[in-house]
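> I would like to see how this sequence folds:
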Amino acid sequence: MESSACFEIRRAVTTRCIVTLAPLWCHEQVRAAALQITAKRGFNEFTAQEVVDTLHAAGSSYAESAIRTHVVSRCCINAPAHHAVRYDYFERVGHGRYRVL
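Predicted coordinates for the structure are as follows:
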């Protein structure tokens, strides 16, 4: 398995999410995991730990620290700009809580 393997979310006829592995960058994996978590839960809120757990359960080889960095900083629009490349995927809505944009 490549280090960039992760989720693609596809909708089944029964409206369940089906998770398949595909080569993706860390930020793409993190976004897909967040989408899966919020779809399964029914409301748009998640934690970094839920993303870590989801990715590792699916076989992602990215380190926990890399996944957390993407959730709380690189992919969060209201986090300080500490990275040259950022993605506007999430917004922090409370202590340790994020929502998908």
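> the residue nearest to the spatial centre of the chain: which element?
Taking C-alpha atoms, centre = their mean as the criterion, residue 30 is the residue nearest the geometric centre of the chain, at 2.3 Å. Per DSSP states H and E: residue 30 is located in helix 26-41.
> and if you look at residue 91?
Using DSSP H and E, residue 91 falls in strand 90-94.
> show residues contacting that strand.
For strand 90-94, the external contacting residues (C-beta atoms under 8 Å, 6 or more residues apart in numbering) are 34, 45, 71-72, 75-79, 98-101. Backbone N, C-alpha and C define where each C-beta goes, glycine included.
> burial count for the spatially closest residue to residue 76 that is not a sequence neighbour?
Nearest residue to residue 76 in three dimensions, chain neighbours excluded: residue 90, at 4.9 Å (C-beta to C-beta, 6 or more residues apart in numbering). When counting by other C-beta atoms under 10 Å, one arrives at 25 neighbours for residue 90.
> coming back round to it: separation between the residue nearest to the centre of the chain and residue 70?
Look at residue 30 and residue 70: by C-beta to C-beta, to the nearest Å, they are 4 Å apart.
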